[in-house]
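> Below are the sequence and a predicted model; questions follow.
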Amino acid sequence: MLFFVGGIMGIFKSLFKSRDRPQNFMGDSVGGGRSFQFGSAWSGKSVTERSAMQTTAVYACVRIIAETVASLPLHVYEYTKGGKEKVYTHPLYKLLHDIPNPEMNSFIMREVMMSHLLLWGNSYSQIIRNGKGEVIALYPLMPDKMTVDRGDDGKLYYTYISDKQGTFIFSKDEVFHIVGLGFDGLIGHSPIAMAKNAIGLSIAAEEYGSSFFSNSGTPSGVLEHPGVLKEPEKVRDAWNDAYGGSGNAHKVAVLEEGMKFTPISINPQDAQFLETRKFQVNEICRIFRVPPHMIADLEKSSFNNIEQQSLDFVTNTIRPWLVRIEQSIFQQLLTEKEQETLFAKFNVDGLLRGDFQSRMSGYAVGIQNGFMSPNDVRELEDLNKIPAELGGDRYLCNGNMIDIGNAGKSTEGSEENSE
């Protein structure tokens, strides 16, 4: 029997191998020979997370998402018989809602975390615990200095290379890791790296425009001389000094000895310069799933669709990031015992609020149908509650409404009495 059991266990071990190591893609070519990580794009421009942020569309998209997530209230709740209640006394509540560490507040911490996720695809934070194992502080770590590997024991380890303090190796319990979209579920891939060709084209177009206007808006060309010049470099440099740059715009050139100037570059109209720049703004918005009107591109927006686009931004852009963060908090910052009763959740009511008239109409329906009290409404509007003795907590309903099972009974009774 022991031999049989041992044989069964051997079969299971052969079926379930140890998991692969996480793939830390830091090079320029990954998988299938296709180049999509950091490095030169097809436009010839070098694209990194920092050079990408110099593109206004990338900066605006990262900023709007990071600031939106950072501005939302984040609470720790406890399941109760009546639903859920905020747990103000739990150590994690103050850490997530107010002050994650002595050096920054919650808004800045979450803004940094989101910027790391949007640029590198990963957010790492060092977890500081007390003697009871409770989380008492979180410190953000730079993703480009972190590598993740699986040890011989099958566990994940995080290696962080500090600029001044050397190399640190953290266990999984010491790092709060929020993983973006990736291939193995252990490490996320950078959106900037995945879309480096689109961003590189935007950088190239912007550089082209800057170069064109720095040259006083005139195209480059060739100086032709009927004879042979002994020092053509000096002639070229003298021409550039005299007529190149915006400071020399509109000067009149004097050409001697039969010399003539022939333009050879394409003008911006032929290169569709403006069309390219406009398209790249939409392309970058597509990468981050941000409506163009939210980064001040109102070309295709109107009063009729902006509100719907803003709601779509909350539902399809912000909400997946919130769920990703909430589940990471639940998995990594709560103990197994706490996971039975506690959870963290963002409050998105402020983003989903409509205009004043729509809100008031909705509140009126809630009060008249008995599923909202006046104090429920006032709490949503951030107003002080009405004292309970004045009816602030009363739930009311329309007196003309009856249970559907009792419909018609009063009519039947009146007919019998009349007979």
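Sure thing, it's come through.
> What strand or helix carries L117?
For L117, the element it lies in under DSSP states H and E is helix 106-120.
> F168 too?
F168 belongs to strand 166-171 when assigned by DSSP H and E.
> In stretch 321-331, which residues are buried?
Across stretch 321-331, burial judged by 16 or more other C-beta atoms under 10 Å covers W321, L322, R324, I325, S328, I329. Using the backbone N, CA and C atoms, a C-beta is placed for each residue, glycine as well.
> Stretch 139-146 too?
For stretch 139-146, burial by neighbour count (16+ other C-beta under 10 Å) applies to Y139, P140, L141, P143, D144, M146.
> What of stretch 170-184?
For stretch 170-184, the neighbour count (16+ other C-beta under 10 Å) marks F170, V175, F176, H177, I178, V179, G180, G182 as buried.
> Which residue, neighbours along the chain excluded, lies closest to the last one?
When you say that, I think you mean G182. In this structure, G182 finds its nearest non-sequential neighbour in G188, 4.3 Å apart by C-beta to C-beta, 6 or more residues apart in numbering.
> give the contact list for that neighbour.
Residues in contact with G188 (C-beta atoms under 8 Å, 6 or more residues apart in numbering) are L117, W120, G121, N122, V179, G180, L181, G182.
> T341 against E78, yeah?
Yes - T341 lies in contact with E78 (C-beta atoms under 8 Å); the separation is 5.4 Å.
> what's the distance between stretch 114-121 and the middle of its chain?
Distance of stretch 114-121 from the chain centroid (C-alpha atoms, centre = their mean, to the nearest Å) equals 7 Å.
> do stretch 56-66 as well
8 Å.
> quick one: contacts of it?
52-53, 110-111, 114-115, 118-119, 192, 199, 202, 280-281, 284-285, 287-288, 290, 294-296, 317-318, 321.
> Pull out the buried members of those.
Burial by neighbour count, 16+ other C-beta under 10 Å: within the contacts of stretch 56-66 this picks out 52-53, 110-111, 114-115, 118-119, 192, 199, 202, 280-281, 284-285, 287-288, 290, 294-295, 317-318, 321.
> what lines up beside the strand holding F168 in the sheet?
Using DSSP bridges, the strands paired with strand 166-171 are strand 156-162 (antiparallel).
> Report how many residues lie close to A66.
For A66, the neighbour count with other C-beta atoms under 10 Å is 21.
> Closest one of the buried residues of stretch 139-146 to T68?
For the buried residues of stretch 139-146, the residue nearest T68 by C-beta to C-beta is P140; the value is 18.4 Å.
> would the closest one count as being in a strand?
Yes - assigned with DSSP: H, G, I helix; E, B strand; the rest coil, P140 falls within a strand.
> List the contacts of it.
P140 neighbours (C-beta under 8 Å, 6+ apart): M109, V112, M113, H116, S123, Y124, S125.
> now it: how far from V148?
According to C-beta to C-beta, to the nearest Å, P140 and V148 sit 16 Å apart.
> now E49
Distance from E49 to V148, by C-beta to C-beta: 18 Å.
> what do you get for W321?
Here the criterion is C-beta to C-beta. By it, W321 lies 21 Å from V148.
> what about the residue nearest to A195 when sequence neighbours are not counted, which SS state?
Spatial nearest neighbour of A195, chain neighbours left out: I287 (4.6 Å); criterion: C-beta to C-beta, 6+ apart. Look at I287: counting by three-state DSSP, its state is helix.
> do the one 3 residues further on as well
In the three-state summary, V290 is assigned as coil, counting by three-state DSSP.
> Now do the same contact list for it.
Going by C-beta under 8 Å, 6+ apart, V290 touches A60, C61, I64, I65, F313, T317.
> before we move on, what about L95?
The contact partners of L95, taken as C-beta under 8 Å, 6+ apart, are V135, I136, A137, L138.
> That one: which element?
Assignment of secondary structure by DSSP H and E places L95 within helix 91-97.
> Pull up the distance across stretch 132-152, start to finish.
End-to-end span of stretch 132-152 (C-alpha to C-alpha, to the nearest Å): 28 Å.
> hang on, I meant stretch 388-396
Taking C-alpha to C-alpha as the measure, stretch 388-396 stretches 14 Å from start to finish.
> I'd like to check what contacts that stretch. Which residues are they?
Residues outside stretch 388-396 that contact it (C-beta under 8 Å, 6+ apart): I367, Q368, G370, F371, M372, S373, P374, N375, R378, K385, I386.
> what does stretch 329-341 give?
Residues outside stretch 329-341 that contact it (C-beta under 8 Å, 6+ apart): E78, Y79, L92, L96, I127, G133, V135, F176, H177, L342, F343, A344.
> Mind picking the two most distant members of those residues?
For these, the farthest-apart pair by C-beta to C-beta is Y79 and H177; their separation is 26.1 Å.
> tally of neighbours for E389?
E389, neighbours per other C-beta under 10 Å, totals 7.
> pLDDT (mean, whole number) over stretch 46-56?
For stretch 46-56, mean pLDDT is 85.
> chain center to that stretch: distance?
With C-alpha atoms, centre = their mean as the basis, stretch 46-56 stands 16 Å off its chain's centre.
> Quick check: end-to-end length of it?
End-to-end span of stretch 46-56 (C-alpha to C-alpha): 16 Å.
> tell me which residues in it are buried?
For stretch 46-56, a neighbour-count test (16+ other C-beta under 10 Å) marks V47, T48, E49, S51, A52, M53, T55 as buried.
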